[in-house]
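Undergrad: Here is my input, please return the structure:
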Amino acid sequence: MSSASSERLTEAEAKAAGEKLGAVIENVESVIIGKREAVELVLTALVAGGHVLIEDVPGVGKTSLVSAVAKSVDCEFKRIQFTPDLMPSDVTGFSIYNQKSGEFEFRAGGVMSNLVLADEINRASAKTQASLLEAMEERQVTVDSHTYELEQPFLVLATQNPVESFGTYPLPEAQLDRFMLKLSMGYPTLDEEAQVLVMPRRRKHNLSPVISRAEVLELTDSAERVYVAPALARYIAEIVQSTRSSADTVLGSSPRGGIALHNAARAYALLHGRAYVLPDDIKYLAPHVLAHRLTLSHEAKLAKKTAVGVVRFVLDSVLVPAGESWA
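TA: Down below sits the predicted model:
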């Protein structure tokens, strides 16, 4: 799990990468008020090659955040509105017979893009939700026995409403496990909401890219060269294993959860201009990366415990490694 086998990122390279990502954050924050944590987490997933599930009530800026990030990065962006009548072929694409050529031609679906907004993903049927599984994990789609590679970077940003359950189809564990991070926006403060009210609508439409697709790929390569000390790699593994042995869970995090936490920690360190991961990076990201992968026991639910609370308890119970330099 350690990145020591590849050429390590230098401090100068890490600082330059952090400045680029800082420019993206500043651009997004010109239209998204008071949501820096959410912006940083979305960019962490983008650089780490992961996907994000944003769960919150309507009207708090979920779609606006995704749109602002997409406009700040010069990549292809598509939005898929998930509804009960959406078909899997609308997502992946389909083959159509061309009478002139006498051959079948592939028509790309909404997932064939760099950044994909799966809006209200839990409103589509389980069959349509499943059409994303191959794309999210293997970065490809298979239609009529033909496999089509997706261009990199590839990021799925899905939104869902946790309150309204009528007419929705809960995401299965296999789907949830493919999201690197899960986050919520939360309501703005009084001052932030006052700023939102007077913001010109045209500002959102006039947002311009600040980094190119090639620069995003360079940042991803840089994140893979961020150093993770062997003790911290083991620390991540201990956290993941502890979620499985917890009395509050019937299903703990998968190994994919540990890989996601490892990769997210490297990207988060890069976001802050560091060439190495700190224990605090792991502790901060763990609830966002692991909580949605847990299935709580009946007793834990009766005690009104939450998955985030269980992860925080695990973090308190696992000893943080000490006595060595993380750089």
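Undergrad: mind listing what the spatially closest residue to Asn114 that is not a sequence neighbour touches?
TA: Among residues not flanking Asn114 along the chain, Cys75 sits closest, at 3.6 Å (CB to CB, 6 or more residues apart in numbering). Heads up, the C-betas are built off the backbone N, CA and C, glycines and all. Counting by CB atoms under 8 Å, 6 or more residues apart in numbering, Cys75 touches Ser113, Asn114, Leu115, Pro153, Arg213, Val216.
Undergrad: Apply 10 Å and report the result again.
TA: Neighbouring residues of Cys75 by CB atoms under 10 Å, 6 or more residues apart in numbering: 46, 69, 113-115, 151-155, 209, 211-213, 216-217.
Undergrad: check which helix or strand covers Leu157.
TA: strand 155-160 (DSSP states H and E).
Undergrad: which element follows that strand toward the C-terminus?
TA: With DSSP H and E, the next secondary element past strand 155-160 is helix 173-176.
Undergrad: Name the residues of that next one that come out as buried.
TA: Gln175 (16 or more other CB atoms under 10 Å).
Undergrad: could you give me the average pLDDT of that helix?
TA: Average pLDDT, helix 173-176: 90.
Undergrad: For the helix or strand just after it, which strands pair with it and how are they oriented?
TA: Sequence order places strand 181-183 as the next helix or strand after helix 173-176, per DSSP H and E. Using DSSP bridges, strand 181-183 pairs in its sheet with strand 52-55 (parallel).
Undergrad: what separates the partner strand from the chain centre, distance-wise?
TA: Strand 52-55 sits 7 Å away from the centroid of its parent chain (CA atoms, centre = their mean, to the nearest Å).
Undergrad: Give the other helices and strands that the next helix or strand after it contacts.
TA: Going down the chain from strand 52-55, the next helix or strand is helix 62-72, by DSSP H and E. Helices and strands touching helix 62-72, by 3 or more CB pairs under 10 Å, 6 or more residues apart in numbering; DSSP states H and E, are helix 11-29, helix 36-48, strand 52-55, strand 77-81, strand 115-119, strand 155-160, helix 201-205.
Undergrad: so can I have JSON lines of those showing mean neighbour count and mean pLDDT?
TA: Listed next are the helices and strands packed on helix 62-72 as JSON lines, based on neighbours: other CB atoms under 10 Å; pLDDT from 0 to 100:
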{"stretch": "helix 11-29", "mean neighbour count": "18", "mean pLDDT": "95"}
{"stretch": "helix 36-48", "mean neighbour count": "23", "mean pLDDT": "96"}
{"stretch": "strand 52-55", "mean neighbour count": "24", "mean pLDDT": "94"}
{"stretch": "strand 77-81", "mean neighbour count": "18", "mean pLDDT": "93"}
{"stretch": "strand 115-119", "mean neighbour count": "24", "mean pLDDT": "93"}
{"stretch": "strand 155-160", "mean neighbour count": "25", "mean pLDDT": "93"}
{"stretch": "helix 201-205", "mean neighbour count": "10", "mean pLDDT": "73"}
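Undergrad: Distance to Gly258 for these - can I get that in JSON lines?
TA: Formatted as JSON lines, the helices and strands packed on helix 62-72 follow (distance: least, CB to CB, whole Å):
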{"stretch": "helix 11-29", "distance to Gly258": "23"}
{"stretch": "helix 36-48", "distance to Gly258": "13"}
{"stretch": "strand 52-55", "distance to Gly258": "18"}
{"stretch": "strand 77-81", "distance to Gly258": "30"}
{"stretch": "strand 115-119", "distance to Gly258": "25"}
{"stretch": "strand 155-160", "distance to Gly258": "21"}
{"stretch": "helix 201-205", "distance to Gly258": "38"}
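Undergrad: Compare the ones you listed and report which one is nearest to Ile239.
TA: Closest approach to Ile239 among the helices and strands packed on helix 62-72 is made by helix 36-48 (17.3 Å; CB to CB).
Undergrad: other SSEs contacting the closest one?
TA: helix 11-29, strand 52-55, helix 62-72, strand 155-160, strand 181-183, helix 213-224, helix 255-271, helix 279-290.
Undergrad: looking at those, which is closest to Arg107?
TA: Nearest to Arg107, of all the helices and strands packed on helix 36-48, is strand 155-160, at 20.1 Å by CB to CB.
Undergrad: what are the C-alpha coordinates of the closest one, in PDB please?
TA: Extracted in PDB, the C-alpha atoms of strand 155-160 (Å, rounded to 0.1, in the frame of the first residue of the first chain):
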ATOM      1  CA  LEU A 155     -15.600  11.100 -11.900                       C
ATOM      2  CA  VAL A 156     -19.100  10.300 -11.000                       C
ATOM      3  CA  LEU A 157     -20.800  12.800  -8.600                       C
ATOM      4  CA  ALA A 158     -24.100  11.500  -7.500                       C
ATOM      5  CA  THR A 159     -26.700  13.200  -5.400                       C
ATOM      6  CA  GLN A 160     -29.600  11.900  -3.400                       C
END
